[in-house]
Every structure is written in structure tokens, then in C-alpha cells.
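>>> pasted the sequence and its predicted model underneath.
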Amino acid sequence: MDFPLVRPIEAAVTLSVIWIGLGLIGLAFMRKPRLITGVVFPAGALVSLLLAATGLWAIGAPASAAILPAGLPELPFHVRVDALSGFFLLLLGGVSFGISLFASGYFRDTKGTALALLTLQYHVFLASMGFVLIADDAYLFMITWESMALSSYFLVTTEHHDEQNRKAGFIYLLVAHIGALGILLCFGVLDAGNGDYTFDALRRANLSGSWATVAFVLAFFGFGAKAGILPLHVWLPEAHPAAPSPVSALMSGIMIKTAIYGMVRVIYDLIGEIRWEWGLTVLLFGAATSLFGVLFALMQHDLKRLLAYHSVENIGIILIGIGLSMVFIGSGHPAAGVLGLIAGLYHTLNHAVFKGLLFLGAGAILKSTGLRNLNEMGGLIRYLPHTAVYFLVGALAISALPPLNGFVSEWLTFQASLQAPLLQSSVVRSLVPIVAAVLALSGALTGMCFVKVYGIAFLGQHRHEFAVRPREASRWERAGMLWLTLACFTLGLFPVFMLGQLNTVSIALTGAGLGWEPMASGWLWLVPTTSVQASYSPVVVLLVIAAVFGLTFVVVRNVYHGRLRRADPWDCGFPEQTSRMQDTADAFGQPIRFIFALVFRIRREIPRADDPHPVFRQSVEDRHWYGLYFPIARFTEFLSGHIGKVQQGRISVYLLYSFLTLIALLVFAQ
Amino acid sequence: MNVASGIVFQVLQSVLVVLIAPLMLGWVNQCRAWLQNKSGAGIWQPYKVLNKLFHKDAVLAHNASPLFRATPYILFGCMWLAVGIVPVLATSLPFAPAADVIALVGLFALARVFVSLAGMDVGTSFGTLGARREMMIGFLAEPAMLMTLFTASLISHSTSLPTIVETLGQRDLVIYPSLAFAAVAFLMVLLAENPRIPIHKPSTHHELTMIHQAMIHE
């Protein structure tokens, strides 16, 4: 498809600038909150949809670049859209469409300056993410990366009256800046001393062996801080619950994916020559992150914190796919490497969709009931039936159950790991199945966690007496969740289309594709390598289950009788049944606490036997705070305390410093 | 094999396995009775029980949700699809390319998730207890089963069940040590999932020791 005057790059830049414009409009109409939620947010949603279409167009179109008239006199901004950027623009646009629709309904009751500022920050956040994806030189990339971090910081600390949120914002900004430092140094290394920081120049610069590894380490560290890889993940479970729910959905669904974009861009495109040792590092970090994330998620009783830990887990799964890809490409097997890359990128899209859906569901629950603690929810399926259905789809999708989308990307990752016999190094060949086992374990644990979440939140009896009956989410909110639910089904039932798009992306990025058979099998069968080796048809799975469902239903109703009657719950004949007799969220996680006790830092306070008011306290904390962050903080304070002695406060001492510096310069700067 | 014989075998396998499954249960219970020096109820007992239950009313708790009503049918659908793709009678079944070993494990997981959710639906203590324990067995047994099937996949370079069966069936009797380990692991998973001693005693009537029975109390 070719429009003579417009290329994908012009469309992408225009749409991102329109977002900034919408934010400013929102600020201007501070006194008209109805206008903001009725017009500005839906307009933003429309821009998202157009951006998604642009991204899809850009995947198939040749790369288009432009130079923007903004920037410094000698350093203008370069922008470029190629297949990889197009894919991530599709992700950004598609998911933010649903989230902006939801936000139109969610922010309906916020008034005044808060809403206007929120609108500005929200749309600037979206625009910066758009620009990050199309930036073609290091200068624009760092500017937009920083504006993404800053605008999201202000969004996270929207409710800054609560000290917890301020602390969360602080740690978020701190880790974001540490990561940005890593990325900046990485660009410096990639430049190889040329002074020209456009991505074209960075691509052409030839790095010697060890400098390439330094660049990889810096990129992995820097982008990993934003993505939430172990041990730089500590900001995720603090920042995502603190932000308003649509913002959490944006951050968890899209922002951490821009880090994956950055990693793929730097490693596959700018560095170019991939080593299998790098892939092994990525693989092992990914496996550890995914297992760690899900174990901690099972311990949480705050719904949004739990979802944040699941984001950590899924980033680990994405890295497993990308790590496999790097190992195979580095060992000289591009076809298997492409499969791993496609699996990782597909999971990126899938996670954005179902994590966005889950956070929106959590937001709907929070708005209707005011509850965030799972231990207080229960039986919400009766009050929020639509939200319950959408949340169920999101929960089944994230648990990687057929025929939804989470299963497709995990299936592709497993298929990639089964190419392990191609490798020569026996160490790597035996590590890959171990990583596959860790992936299977975290998938199974995710299933358990979402049985816990859905069962305790929506099913069972009410654990909280509501003064006012909770009302179902408004139409805008339901529309946003419905869009993401339909996306889950489409990506799960018709994966071959997206596989084709990702094939184009990987050909553009690495030069190798999947081969003829995957594309020739038609829309019904997903065949990653050859049909003898593996094939999967989600439509057939769904149709068979639905057919058996219908058939059995009809047979039981007509051949036997169809009588149904309601009675009290059996509960083994016990007469009393209060809501306290059900499991709480912490109770459901007890087997995990028992089996995986060494992973957590558990502190228990057990009352004495003769205590008249016994209280049992238990806290489960992350060891990284105590092992890594607090020691570093204490050391920094110690160091700054000693360096602070330089500031004596007397002018005579400062004059002495200037004098000594002058002498030193005169002596040494000959 | 041509398409017609494939379809015939598919239909035959699907219907036959579903009909014979209660017979297997009856046989296991009969053996257990004989080992305990009792006379047992006969191998046709499960059929009689099923017949009796189908003639009864369906009783639901007052607060059971639509999910509770739908779960038995979804479960049956998943298991029926699993029956359709595992090569029992033949390997050229038309449904077999729809799901490979990973999808098979995924189908079992789907069934387990739905039955656990149904257990938590009415909000009784035993339902949630059973659901919790069922998921605990599940998250340990499911990756184990996947890994044993992977062992077979790595050897036959395929995850498609017909291909694995044909490849391993046509090779010479070479002993793969990995397959021996995998067989032992699969036996343990079999004991855990079914459930049998030493993981669980299916004939227990102490509710606090139940796993699956507590969950399906309602």
C-alpha cells in the first residue's frame, strides 16, 4: 500500500505530536472536566488506533526516515520507522486504544487541576513512547526516554498525599535514571569515537570484540532497569500499584516493552554481531526473573502488586525467547534464532494485551468497590458480571491456556527451545532444556496464582459488607476491556497473521526468515518449522470443546431429563458457613510459602500460648532490598557523610580550595 | 493411510475410549478390593453409578455462578479432545495435528484451572482447600509431565504425537537412558495426577486429607 505523499514516518510523527496537542488542550480546559473525559481521551484513543494502523502499514512498507526541524542547530532530530518500530507502534497504538477508552470512563469523577494535569501527563507519556520507538539518533532517543520517565513519574505520584506513593515514585525515578545512565554510556561505546550519534553511524561503526561486549552489558543493564529484570525489578511492585489504574496498565503493558524494543534495537541492529555468550546471559537472567516474579506474585494479597510481579515474570519469559534467539544466531543457526525472536516478540504483544486487560479489570474493581486487597473481596461476579467475564479471559490468557494468546507465544518459545539439539556446545545444549523446565514451572505457577486471584476476588462469598451495592463499570470502561478481550481471542485463535508480520520484522532485522512451510500452511494451522515437527490449531481446539459442550448439554437435557434445583451448599454437612471459612489470598499461597521458603524473607511473630489477645503476624519480603539496595544506600550515605566534611562552611577554607586548585593547574597543565 | 480410514479411526477412538474409561476404573477398584480380601462390587459398577446419577436432578447451591454450571461440560470437552489426539488406535488421526504434546498438557491445565475455580465458586472451606491442594499438585506435576514428553520430543525431533510414536516405534531397540529416566518420572506423575498412594489415597473419607474430592464436594 503506497500513498504518494505520506510515508509511515510522517504519519507516526504527526500522530505523536497530536497527542501532545491533546494533552495541552486538556490543560487549557481545566474547568471543564466533562469535556476532557468526553472528548480529549476518546480523541486520544482515536489517535492510538490510527497509530496502530500506521504501525501495521510500516511493517510491510520499506523503512522511511525523516529529519525533524526541532533540536539544536547542528544536531537535528532524526526519526525513522522500519519493520521493528512498526511492530512496536502497533503494540503501542492497539493497547493504548483500549486503555484510553477505559480512562474516559475511569477519570469521569476526577475534577479540577488534577484531571487537567493528569491529561497532560498521560498524553505526553504516550507521545514520548511514540517518539522513543521512532527515534533514529541517540540524542532524540535519550530526550524522549527521559521525558517518558518524567511524565510517568508525575503520573505515578498523582496521589502524592500518601507517603507510600511518594516513596514509590522516588525509587521508580532512581532506578529509571540509573538505567538511563547505562543506556547513555552504551551509546557512547557504540559510537566508537566518531562523534556522530545517528543510528546509521552507530550501525556502521565497527567495534572490537571486547567493546562490543561492553556495549551489550551496558545495554542489557540500562534497558533491563526499565524492563524490570532481576535484580533491578524492585521499582515495579512499588510504582505500578501507586499509579491510577489506566496508568498502571500503560506502564505495565507498554512502557516496559519499550525497554525490550531498545534491547532488540541495540543488540540486533546497532551492534549487529551477536555472540552466543550474550544470549546465554540473557537466557539465564530471563529464567531467574520469570521464576522469581511468579513466586513473589503468589505471596501478594494486593491485587495490583500481584499483577506487577506478574509483569516481572512475563518480562523474564520474553527474555527467554530473545535469549534463545541470540544463542542460536550466535552459534550459526539463523532459522532457529528467528523462531526464538518471533516467540519473544509475540509474547511482548500478548503480554501487553492481557496485562493491560488485567490492570483495567483491577481498576474497574477498585472504582466500583474501593477495594484493592484480595482478602476483602469475594463474590464480585454477582455485582460486576461483565468485568468478571473480561477478567476471566485475561486470567486464562496469562496462565497460557489454549486456545488464548498466551499459550501461542509460550508454545512458540517451547518450540524454539526444542531446537537445542542443533547446538554444538554441550553445556548450552543441556542448559536450554533446564530453562524450558523453568518456563514450564512458572507457567504452571501462574495458573495457580490466577486461580487464587479469580477465585478469591470474584467467586465465593462476600468477605466485605458493602454499604452501597457496587455498580458495574461504565460503558467506556467496558468498551476498553472488551477491545482488549477481543484482541486476546484474535491473537490466540488466528496467530498465523501475526506470525507473518513478525516474519517480515525478523527478515528486516536479521536477514533470515522462517522458511516456506510456516507461511504456506494457511490461517488454520500454526506451523513454525515443519508440520511433521509441530503444528497447532487453536480454532480446531475451541471448536471441538464448544461442540462437545453443546452436544453433551443437549444430550443431558433431552435424553435424560433436564431438571435442576437449587439448595443450600453441601459443605460436608456443616450447618454454619460464614465467609471467614473460605481461604484468604495468603492462605491460598501457603503451599508455595512452604515449598519455596528459601526464596523469600519471611518474618513471623507468633503469640505465646497464654496471650489473651493473640495476634499472628507474618511478612514476606524481597531479599533484594536487604541484600543489595539497603547496603548500597548505607554505603552511599557513609561516603557522602565523609565527603560532606569538605564543606566546612567558612569562606577562608573555600578560598584555600581555590588557591590549591590554581597551584595544581599551574603545575600540571603545562 | 487415506483420509477416510483416518476419519473412521478417529471416530472409533473417540467413542471407544470414552465408553471404556469407566471399565478401567471398575477394574482398578475390583483389584483393590481383591487385594484387601473383599469381594468387590464388580467391574461394571462405575457404569451403574453413572446411570443412577444421570437419572437424578442436578442440584446446585443457591449462590453457584454460571461458571459452576459450565465447568463439567468444559472439562468433558477438554478431555474428549485429549482422547481424540493421543494415538490409541492409530497414528494418522485427522485431529492429531490440531494439538501436540505441549497443547495436550495445556488442555489438562485448562481442565484443572476450571475445576479449581468451580471448587472455589460456592465459597465453602473444603472447596477452597481442595482447589488450593489441586493446584499445588498441578504446578508440580504439570512441568514434570511436560519435561518427560520433551525428552521424547528431543529424541524424535518433533512435538507432534503421531510423529513421536512412529519414530520411536520404528527405531531399533536402542536403549535411550533419557527415556528410562523419563519413564520413571512419568510413572510418578501418573501416581500424582490420578491420584494414587503415595501422593494421595483416593478412597479417603477424612475431608482434611482430601485433595480432589474436597474440591468437588459441591
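That came in fine, so what should we check first? Numbers count the residues shown, from 1 in each chain, chains lettered A, B, ... in the order given.
>>> show me which helix or strand of chain A is least confident by mean pLDDT.
None of the helices or strands of chain A scores lower by mean pLDDT, DSSP states H and E than helix A:516-520, at a mean of 71.
>>> roughly how far is it from the heart of the chain?
If you compare the mean C-alpha spot of helix A:516-520 with that of the full chain, they lie 30 Å apart, counting by Cα atoms, centre = their mean, to the nearest Å.
>>> the strands in the stretch 101-250 of chain A, which residues?
Across the stretch 101-250 of chain A, reading from the start of the chain, there are no strands by DSSP state E, counting those that start in this stretch.
>>> summarise which helices and strands the longest strand anywhere in chain A is packed against.
As far as residue count goes, and with DSSP state E defining each element, the longest strand of chain A is strand A:64-71. Contacts defined by 3 or more Cβ pairs under 8 Å, 6 or more residues apart in numbering or on different chains; DSSP states H and E place strand A:64-71 against helix A:8-28, strand A:76-81. Using the backbone N, CA and C atoms, a C-beta is placed for each residue, glycine as well.
>>> in the first one, what's buried?
When neighbours are counted by 16 or more other Cβ atoms under 10 Å in any protein chain shown, the buried residues of helix A:8-28 are found to be A:8-13, A:15-16, A:18-20, A:22-23, A:25-27.
>>> which strands and helices lie in contact with that helix?
Under the contact rule (3+ Cβ pairs under 8 Å, 6+ apart), helix A:8-28 is packed against helix A:41-60, strand A:64-71, strand A:76-81, helix A:83-106, helix A:112-134.
>>> can I get the helices and strands packed on strand A:64-71 in JSON lines with mean pLDDT?
Formatted as JSON lines, the entries for the helices and strands packed on strand A:64-71 read as follows, by pLDDT from 0 to 100:
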{"stretch": "helix A:8-28", "mean pLDDT": "88"}
{"stretch": "strand A:76-81", "mean pLDDT": "90"}
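>>> okay, the ones you listed in JSON lines with distance to B:D121 next?
Below are the helices and strands packed on strand A:64-71 laid out as JSON lines (distance: least, Cβ to Cβ, whole Å):
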{"stretch": "helix A:8-28", "distance to B:D121": "43"}
{"stretch": "strand A:76-81", "distance to B:D121": "49"}
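>>> all strands for chain B, in order.
Along chain B, the stretches classed as strands by DSSP E are B:58-61.
>>> let's test this: name the helix or strand in it with the lowest mean pLDDT.
Sorted by mean pLDDT, DSSP H and E, the helices and strands of chain B end with helix B:212-215, the least confident at a mean of 66.
>>> shaky segments in the stretch 301-450 of chain A?
The model of the stretch 301-450 of chain A has no residue with pLDDT under 70.
>>> repeat that for the stretch 51-200 of chain A.
Residues of the stretch 51-200 of chain A that meet the criterion pLDDT under 70 are absent altogether.
>>> and the helix ranked longest in chain A, does that touch chain B?
Ranked by residue count and defined by DSSP state H, the top helix of chain A is helix A:334-369. No: in this structure, helix A:334-369 remains apart from chain B according to Cβ under 8 Å from any Cβ of the partner chain; the gap is never smaller than 12.2 Å.
>>> which positions within that helix qualify as buried?
Within helix A:334-369, the residues that qualify as buried are A:334, A:336-369, counting by 16+ other Cβ under 10 Å.
>>> buried set for stretch A:615-631?
Taking 16+ other Cβ under 10 Å as the neighbour-count basis, stretch A:615-631 is seen to contain the buried residues A:V620, A:D622, A:H624, A:Y629.
>>> off-centre distance for it?
Put simply, stretch A:615-631 sits 24 Å off its chain's centre (Cα atoms, centre = their mean).
>>> contacts for it?
Residues outside stretch A:615-631 that contact it (Cβ atoms under 8 Å, 6 or more residues apart in numbering or on different chains): A:230-231, A:233-234, A:237, A:296, A:299, A:586, A:593, A:599-607.
>>> buried set for stretch A:506-520?
By neighbour count on 16+ other Cβ under 10 Å, the buried set for stretch A:506-520 is A:S506, A:A508, A:L509, A:T510, A:A512, A:G513, A:L514, A:G515, A:P518.
>>> closest one of those to chain B?
Minimum separation from chain B among the buried residues of stretch A:506-520 (Cβ to the nearest Cβ) is found for A:P518, which lies at 13.8 Å.
>>> that closest one and A:P495 touch, don't they?
No: contact criterion Cβ atoms under 8 Å: A:P518 and A:P495 do not qualify, at 10.6 Å.
>>> kindly export stretch A:311-320 (C-alpha atoms) in CSV.
Extracted in CSV, the C-alpha atoms of stretch A:311-320 (Å, rounded to 0.1, in the frame of the first residue of the first chain):
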residue,chain,number,x,y,z
SER,A,311,4.8,-8.3,34.7
VAL,A,312,8.3,-9.1,36.1
GLU,A,313,7.6,-12.8,35.3
ASN,A,314,6.5,-12.2,31.8
ILE,A,315,9.5,-9.9,31.0
GLY,A,316,11.5,-13.0,32.1
ILE,A,317,9.6,-15.1,29.6
ILE,A,318,10.2,-12.6,26.8
LEU,A,319,13.9,-12.6,27.6
ILE,A,320,13.9,-16.4,27.5
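>>> near chain B, anything from that stretch?
No: with Cβ under 8 Å from any Cβ as the threshold, stretch A:311-320 lies outside contact range of chain B, at a closest distance of 13.4 Å.
>>> how far is that stretch from where the chain is centred?
8 Å.
>>> what comes up buried for it?
Taking 16+ other Cβ under 10 Å as the neighbour-count basis, stretch A:311-320 is seen to contain the buried residues A:S311, A:V312, A:E313, A:N314, A:I315, A:G316, A:I317, A:I318, A:L319, A:I320.
>>> quick one: the closest residue to A:V599 other than its chain neighbours and A:F596, what's the gap?
The shortest distance from A:V599 to any residue that is not its chain neighbour, by Cβ to Cβ, 6 or more residues apart in numbering or on different chains, is 5.5 Å, and that residue is A:L295. According to Cβ to Cβ, to the nearest Å, A:L295 and A:F596 sit 5 Å apart.
>>> between these two, which has more neighbouring residues?
Under the criterion of other Cβ atoms under 10 Å in any protein chain shown, the comparison of A:L295 against A:F596 puts A:L295 first, with 23 against 16.
>>> which elements pack onto the strand or helix carrying that one?
Under the criterion of DSSP states H and E, A:L295 resides in helix A:276-299. Applying 3+ Cβ pairs under 8 Å, 6+ apart, we find helix A:276-299 packed against helix A:209-227, helix A:303-330, helix A:426-457, helix A:590-595.
>>> out of these, deepest packed?
Ranked by mean neighbour count under mean count of other Cβ atoms under 10 Å in any protein chain shown, the helices and strands packed on helix A:276-299 are led by helix A:303-330, which reaches a mean of 27.
>>> and the angle from that helix to helix A:209-227?
Following axes from the mean of the first three to the mean of the last three Cα atoms, to 10 degrees, one obtains 160 degrees for the angle between helix A:303-330 and helix A:209-227.
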